[in-house]
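> Fold the following, please.
(2 chains)
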Protein chains: 2
Amino acid sequence: MTRVGVVGGGQLARMMIPAAINLDVDLCVFAQEPHSPASLAVERIGDYGDFEELWEFAKNVDVVTFDHEHVPIEHLTELQDRGVAVSPPPEALALTHSKVVMRRALESLGIPQPLWTVVKTAQEADEVAEAVGGFPCIAKLPTGGYDGKGVRVINSFADIEDWLASSEVLLEELVDFSRELAQLSARNKQGEWRAWELVETRQEGGVCASVAAPARDLSQEIVSRARDIAKVISVEFNVVGVMAVELFHCVDGRVLVNELAMRPHNSGHIFTELSRTSQFEQHLRAVVGYPLGATELVAELGVMVNVFTEMVPTRVKVALRKFPEAKLHSYGKEPRKGRKVGHISVVGHDYDVVTTIALGVSDLLRDSGYD
Amino acid sequence: MTRVGVVGGGQLARMMIPAAINLDVDLCVFAQEPHSPASLAVERIGDYGDFEELWEFAKNVDVVTFDHEHVPIEHLTELQDRGVAVSPPPEALALTHSKVVMRRALESLGIPQPLWTVVKTAQEADEVAEAVGGFPCIAKLPTGGYDGKGVRVINSFADIEDWLASSEVLLEELVDFSRELAQLSARNKQGEWRAWELVETRQEGGVCASVAAPARDLSQEIVSRARDIAKVISVEFNVVGVMAVELFHCVDGRVLVNELAMRPHNSGHIFTELSRTSQFEQHLRAVVGYPLGATELVAELGVMVNVFTEMVPTRVKVALRKFPEAKLHSYGKEPRKGRKVGHISVVGHDYDVVTTIALGVSDLLRDSGYD
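Below is the predicted model of the structure:
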């Protein structure tokens, strides 16, 4: 039985467990804390930032993969040097470790992306901002940002004085987009590549709130462009596993890469119900070198809504009674303000119906009126 | 978090794990052996036949349920007396412990079933056999039979002399059936009841080989009759959890109950891919008292084929490469002659296509020609 070591015990590792059960893969999770969403499969608890701890974990598995992108690249390179298979490989993961590295890499491939530049000190002239179309523009910390953290809309460098004191900052064009899209795909060790349908993601406060799949009213040309972008990145950077490419669909028709994730991603959760192969199963197939599963849809369409509120059992019951079609995915997390603790998926053949159900469950989980 | 204790660590307990993860149910398995299919969720290893061991397990969970039907009824009654919730309750499980008890119970409800009688000694006159239409007829050991074991077609009592030396024997009419059907349904603690589509099961050597869902060419009247039978049994015997009713569809048009199972059942595996709610999720919802999930189909139809041969990785790869639409479910079992070690599910909109894929995978797992 192939032993897949997952660094990180979050919900992505948790949702790999069902796929591992079906494929008879021995999933071993290296978590940072005793009570993690993936605790059922946790084999070791420790600090992935400490190479020796990572090595003790990695030396006993057939392949190392990830629930998150925080493991230092030098650790992963060292693991590879010691003969451990790392999927996706460090060169692919490096793209997600620094947004500046990512922008440079995408530029080298001619991938369309927002105008960008790097600013190192507040003393630099405003002409730096001109390179991204002037103020207002987007400022991003190159590393450590997620879910809207480390991202600001700025009107002058005074707005990022604190950041510039300790870091270079990525500046990006404030893109006039009509919506955000995400292209999920997977590539296995042998180079086989498959994509899912393009989806539309909706953010609230910089955090993904919901996903509609497939994205509506798309021309075949946009669909092809998104697939081509994902395929080029996958192949050129030797991605092995699932990759999410987050895209802006601009008012002027451009499709630009916003972010990359080299792992299963929130924007692909709907495919657990909507596609023949979930992103978690596909990720495991890819990293163990199995052929990839079919990604065609089993239903016409679906909507996924994230849950940020505690899953109080009485409320869950009320919600599931009212909406028996809804599929609930709990992450086994203690609720904290703004923390994703689960998601709801609904599939069907009418967007409005499916959306009403998904949002209905979400509303009832917030306050059912019965407790 | 609700703690559900499952007695038995087989593939049914194994396949409850994904549902438990999604619903955030704490699944605790009481297995008999160290390496069981459900080992990921095993909390205790021991002998369920020993009441004290069972009690040590049961006293720490919110509800006890089952992967199999072998726990002595008196143990379950004692657990109930000590305040442990047992689902399904002992009175429902009793129907599956003895085929004679089941026949009597179904008779009391007027449920259609084959002619039957009980024979206690070989000395009884052949007129006993007349009650079931004469020889040849079916002889069954009342307890302990499964997958064709404990069942014989007999032409005289000489054929069951060995059995009659130590047990009474159930005799049943040799039914002239055109096919076998199964009606899966679930009922929760609150009495909510939902059924899945009626399926057709195909046996080879007394063992389920494949399932087609929904069963083809059924009149609405047969569909209603099967549902009504399942509903009456569920309600009258206070079933809580999933129940499978195996049926004969006779050449003369009758629909007769063959067997009952008070748990998720091989005939319902296809619903993991084919229905909005799998039988494993439904079983957990039922026993923890959650509202039941919708059982409508997400695709038009599906076929499930059991796997009896070792899942050799090279063969699995060849099979999955050729058939990316197929979903594999491995049970993590050592192969033994005639032992189910997994199943394959394929859903779609054309029976022939779907069947070809499922059987194609099955053939390649037996011998891919590549290893």
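> In the stretch 51-200 of chain A, what residue comes closest to chain B?
A:R194 (8.0 Å; C-beta to the nearest C-beta). In this view, the C-beta of every residue, glycine as well, is placed from N, C-alpha and C.
> May I see the buried residues of stretch A:47-62?
In terms of neighbour count (16 or more other C-beta atoms under 10 Å in any protein chain shown), stretch A:47-62 has its buried residues at A:48, A:51, A:53-54, A:57-58, A:61-62.
> Just the CA trace of that stretch, in CSV.
Presented in CSV, the C-alpha positions along stretch A:47-62 are these (Å, rounded to 0.1, in the frame of the first residue of the first chain):
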residue,chain,number,x,y,z
ASP,A,47,6.8,21.6,13.5
TYR,A,48,7.3,21.3,9.7
GLY,A,49,9.7,24.2,9.9
ASP,A,50,12.1,22.0,11.8
PHE,A,51,13.9,20.0,9.2
GLU,A,52,14.8,17.1,11.4
GLU,A,53,11.1,16.7,12.4
LEU,A,54,10.1,16.9,8.8
TRP,A,55,12.7,14.3,7.9
GLU,A,56,11.6,11.8,10.6
PHE,A,57,8.1,12.0,9.0
ALA,A,58,9.2,12.0,5.4
LYS,A,59,11.6,9.2,5.5
ASN,A,60,8.8,6.7,6.2
VAL,A,61,6.5,7.6,3.4
ASP,A,62,6.6,7.0,-0.4
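> Rounded mean pLDDT for it, please.
Across stretch A:47-62, pLDDT averages out at 97.
> is that stretch anywhere near chain B?
No: shown here: stretch A:47-62 not in contact with chain B (C-beta under 8 Å from any C-beta of the partner chain), separated by at least 11.4 Å.
> ok, A:N155 - how many residues close by?
For A:N155, the neighbour count with other C-beta atoms under 10 Å in any protein chain shown is 11.
> do A:S178 as well
A:S178: 11 neighbours (other C-beta under 10 Å).
> Over to A:V312?
16.
> again with A:D350
Count around A:D350 with other C-beta under 10 Å applied: 10.
> Please tell me how far it sits from chain B.
A:D350 sits at a distance of 14 Å from chain B (criterion: C-beta to the nearest C-beta, to the nearest Å).
> Can you name the residues of the stretch 151-300 of chain A that neighbour chain B?
A:194, A:273, A:276-277, A:285, A:289-294, A:296, A:298-299.
> Buried ones among these?
Applying 16+ other C-beta under 10 Å to those flags A:194, A:273, A:276-277, A:285, A:289-294, A:298-299 as buried.
> Just flag the most distant two among the residues you listed.
A:G289 and A:A299 (29.7 Å; C-beta to C-beta).
> May I have the beta-bridge partners of A:K140?
A:V151, A:L170 (DSSP bridges).
> Test for you: state the pLDDT assigned to it.
pLDDT, A:K140: 94.
> likewise A:G338?
81.
> Please report how far it lies from chain B.
20 Å.
> Please settle this for me: is A:G302 part of a strand?
Yes: according to DSSP: H, G, I helix; E, B strand; the rest coil, A:G302 belongs to a strand.
> Do I have it right that it meets A:D350?
No: A:G302 is not in contact with A:D350 according to C-beta atoms under 8 Å; the separation is 11.1 Å.
> Of the residues of the stretch 151-300 of chain A next to chain B, which belong to helices?
If you go by DSSP state H, those have A:273, A:285 in helices.
> ok, which pair from the residues of the stretch 151-300 of chain A next to chain B is furthest apart?
Once C-beta to C-beta is applied, those give A:G289 and A:A299 as the farthest pair, at 29.7 Å.
> need the contact list for A:V341.
A:307-311, A:330-331, A:333-335 (C-beta atoms under 8 Å, 6 or more residues apart in numbering or on different chains).
> And the strand or helix carrying A:V223, what's buried?
Using DSSP states H and E, A:V223 sits within helix A:220-236. Residues of helix A:220-236 classed as buried: A:222-223, A:225-227, A:229-231, A:233-234 (neighbour count, 16+ other C-beta under 10 Å).
> Tell me who's in contact with A:F271.
Contacts of A:F271 (C-beta under 8 Å, 6+ apart): A:184, A:196, A:213, A:277-279, A:295.
> quick one: pLDDT of it?
98.
> check which helix or strand covers the spatially closest residue to A:P112 that is not a sequence neighbour.
With C-beta to C-beta, 6 or more residues apart in numbering or on different chains as the criterion, A:P112 has its nearest non-adjacent residue at 5.2 Å, and that residue is A:L256. Assigning secondary structure by DSSP H and E places A:L256 in strand A:255-261.
> ok, and what's touching that strand?
Counting by C-beta under 8 Å, 6+ apart, A:69, A:95-96, A:99, A:102, A:106, A:111-114, A:175, A:177, A:180-181, A:222, A:225-226, A:229, A:233, A:243-250 sit against strand A:255-261.
> the inter-axis angle of that strand versus helix A:220-236?
Computed by axes from the mean of the first three to the mean of the last three C-alpha atoms, to 10 degrees, the angle separating strand A:255-261 from helix A:220-236 equals 40 degrees.
> Can I get strand A:255-261 in PDB, CA atoms only?
Extracted in PDB, the C-alpha atoms of strand A:255-261 (Å, rounded to 0.1, in the frame of the first residue of the first chain):
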ATOM      1  CA  VAL A 255      -8.300  36.900 -18.600                       C
ATOM      2  CA  LEU A 256      -5.500  37.500 -16.100                       C
ATOM      3  CA  VAL A 257      -3.900  35.200 -13.500                       C
ATOM      4  CA  ASN A 258      -4.500  36.500 -10.000                       C
ATOM      5  CA  GLU A 259      -3.100  33.700  -7.800                       C
ATOM      6  CA  LEU A 260      -1.900  30.100  -8.000                       C
ATOM      7  CA  ALA A 261      -2.400  27.200  -5.500                       C
END
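> and it, which strands flank it?
Partners of strand A:255-261 in its sheet, by DSSP bridges: strand A:241-250 (antiparallel).
> just to revisit the earlier point, in ChimeraX, how would I select just the buried ones from the contacts of strand A:255-261?
Applying 16+ other C-beta under 10 Å to the contacts of strand A:255-261 leaves a buried subset, and the ChimeraX line that selects it is:
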select /A:69,95,96,99,102,106,111,113,114,175,177,180,181,222,225,226,229,233,243,244,245,246,247,248,249,250
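> would you list every one of the helices in chain A?
A:11-23, A:51-58, A:73-81, A:90-97, A:99-108, A:127-130, A:161-164, A:220-236, A:271-274, A:279-288, A:313-322, A:351-366.
> To B:V86, which of those helices lies closest?
Comparing the helices of chain A under C-beta to C-beta, the one sitting nearest is helix A:313-322, at 20.7 Å.
> The closest one close to chain B?
Yes: counting by C-beta under 8 Å from any C-beta, contacts between helix A:313-322 and chain B involve A:313, A:316-317, A:320-321.
> Give me the helices and strands touching that helix, please.
Using 3 or more C-beta pairs under 8 Å, 6 or more residues apart in numbering or on different chains; DSSP states H and E, the elements in contact with helix A:313-322 are strand A:327-330, helix A:351-366.
> Reformat those as TSV; add distance to B:T121 and mean neighbour count.
Shown next, in TSV, are those (distance: least, C-beta to C-beta, whole Å; neighbours: other C-beta atoms under 10 Å in any protein chain shown):
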stretch	distance to B:T121	mean neighbour count
strand A:327-330	55	22
helix A:351-366	61	18
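> Output these as JSON lines; include the columns mean pLDDT.
Shown next, in JSON lines, are those (pLDDT from 0 to 100):
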{"stretch": "strand A:327-330", "mean pLDDT": "97"}
{"stretch": "helix A:351-366", "mean pLDDT": "96"}
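> and these as a markdown table, adding distance to A:A13?
Below are the helices and strands packed on helix A:313-322 laid out as a markdown table (distance: least, C-beta to C-beta, whole Å):
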| stretch | distance to A:A13 |
| --- | --- |
| strand A:327-330 | 14 |
| helix A:351-366 | 23 |
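> Return the backbone torsion pair for A:G205.
phi 60, psi 30 (degrees, to the nearest 10).
> Once you drop chain neighbours, what's closest to A:E200?
Per C-beta to C-beta, 6+ apart, closest to A:E200 is A:A215, 3.8 Å.
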